[in-house]
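In: output the structure for:
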Amino acid sequence: MNTAAVKGIDTLDTDVLAEYLISRIDGFPASIKAKKFQGGQSNPTFIIEDSSTRPDVSSPSGQKYVLRKQPPGKLLKSAHAVDREFRVMSALADSDVPVPRMYCLCEDRDIIGEMFFVMEYLEGTTYWDASLPELDHASRRVVYEEMAQALAAIATLDYTAAGLADFGKPGNYFERQLTRWTQQYRLSEGRTIKSMEWIMSWLNDNMPADDGRTSLVHGDFRLDNLKYSSCTETQASSNAGNEPRLIGVLDWELSTLGHPMADLANLCMQSRIPPGMANMSGLAGKNVKELGIPDEQEILAQYSDRTGLRINHWSFYLAFGLFRIAAILQGVARRASEGNASNPMAAKLGEFVEPLADIAIQVVKSENHD
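Out: A predicted model of the protein is given here:
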């Protein structure tokens, strides 16, 4: 991830923050500095570092941390749930799903103005371009295979044993989610968008019967929410054992108990979205076979093999995922209009709501995978 100087609504009072965390995190430095990560539209996220120096040391010393907080201002109900994010990653500490170590959750908004948590900083690489131009053919496949393996681990996790039995409601996931995101969209709606009205109606009329499947759901599973061990194209070409490996699944803000197809559809949506749409890295129009990236059918086959789950009603799941992203972006744009968005590009994201709904309509009119 890239970082930018902290300013404006994302300023942190580092003195107050350090005083609070010194007694809660072993070895936390008394003097810190903060930089905000660029990218992402929801919960402002910062890298925290020791800002103290010694005469014989030319750069700051000490461990790095990541702080993730709610945005300022009035929030929609159940949105920006950093406390849930902290809980689920804490529960996954000893599982097959790689996550950073959790240090501290602060629900006292008097400390820095919003609820926040602090976690381990993972040294590695976030890939922002889904076509992975910085990697060679073999390493690209490894990146996607690692992603598919992590997704299968999430879907097959014994969430009850992990202490997450009450993390959501079992059954009728898509029915509840459609109601939730329709309501959220209505609260943020600026103008009537015919394609959004069409897809919301279609989803409501074509809801699959509940099949009883319940699993942990990440809620925003995509490449740029993952951290990999660093690997350059030169290294990958010269050393086959140095391929990038997945070391952290991040951004669990939308996680809950739900249906495993939600995460799978979220991963596969990128093959339908053009590069750059809504600040997302899509693969529409790319020759994935030439790039070494598994296509949608390969991903579905690998997922079924690893989880034992049969995939039905695929066009519904894809269309729902696209609708939900559109509804989220509408909310981001609304926050931007109120001056509470985390990313300076947030105001423009509302322009992509209609194109995403159009893609969802294309999916349901052309797909025949059910």
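In: pull the number of nearby residues for M89.
Out: 23 (other C-beta atoms under 10 Å). No exception for glycine: its C-beta is placed from N, CA and C like everyone else's.
In: what sits against it?
Out: 99-100, 102, 119, 252 (C-beta atoms under 8 Å, 6 or more residues apart in numbering).
In: how about T156?
Out: 215, 306-307.
In: residue ranges of the helices in the stretch 51-200 of the chain, please?
Out: For the stretch 51-200 of the chain, the helices defined by DSSP state H, counting those that start in this stretch cover 82-91, 137-156, 173-188, 194-205.
In: run the angle between the third one and helix 194-205 for me.
Out: Going back to what we said before, that points to helix 173-188. Helix 173-188 runs at 150 degrees relative to helix 194-205, counting by axes from the mean of the first three to the mean of the last three C-alpha atoms, to 10 degrees.
In: how about helix 173-188: buried residues?
Out: 173-174, 177-178, 181-182, 184-185, 188 (16 or more other C-beta atoms under 10 Å).
In: hang on, N312 packs against H259?
Out: No - with contacts counted by C-beta atoms under 8 Å, N312 stays clear of H259, the gap being 11.6 Å.
In: neighbour-wise, which of those two wins?
Out: Higher neighbour count among N312 and H259: H259, with 25 against 12, using other C-beta under 10 Å.
In: which one is the more buried one nearest to, not counting chain neighbours?
Out: Y173 (4.1 Å; C-beta to C-beta, 6 or more residues apart in numbering).
In: ok, that neighbour - contacts?
Out: Y173 neighbours (C-beta under 8 Å, 6+ apart): 210, 214, 217, 257-259, 262.
In: if you set the cut-off to 10 Å instead, what comes out?
Out: 210, 213-215, 217, 256-262 (C-beta atoms under 10 Å, 6 or more residues apart in numbering).
In: got these as TSV, with pLDDT, distance to E338 and secondary structure columns?
Out: Below are the contacts of Y173 laid out as TSV (pLDDT from 0 to 100; distance: C-beta to C-beta, whole Å; DSSP: H, G, I helix; E, B strand; the rest coil):
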residue	pLDDT	distance to E338	secondary structure
D210	90	37	coil
R213	92	38	coil
T214	95	36	coil
S215	96	35	strand
V217	96	29	strand
T256	94	26	strand
L257	96	31	strand
G258	95	29	strand
H259	95	33	coil
P260	95	35	coil
M261	96	34	helix
A262	95	29	helix
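In: rebuild those residues as TSV, extending it with distance to C106.
Out: Below are these laid out as TSV (distance: C-beta to C-beta, whole Å):
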residue	distance to C106
D210	38
R213	35
T214	31
S215	30
V217	26
T256	22
L257	25
G258	27
H259	32
P260	32
M261	35
A262	30
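In: what's the farthest-apart pair in the residues you listed?
Out: Farthest pair in the contacts of Y173 (C-beta to C-beta) is D210 and T256. Separation: 15.6 Å.
In: in the chain, which helix has the most residues?
Out: helix 314-337 (DSSP state H).
In: and the angle from that helix to helix 194-205?
Out: Using the same axes, to 10 degrees: helix 314-337 against helix 194-205 is 130 degrees.
In: tell me the helix or strand right after helix 314-337.
Out: Downstream of helix 314-337, the next assigned helix or strand under DSSP states H and E is helix 353-366.
In: mind listing what's buried in that next one?
Out: The neighbour-count check on helix 353-366 (16+ other C-beta under 10 Å) flags 353-361, 363-364 as buried.
In: one step back: show the buried residues in the contacts of Y173.
Out: Judged by 16+ other C-beta under 10 Å, buried ones among the contacts of Y173: 214-215, 217, 256-262.
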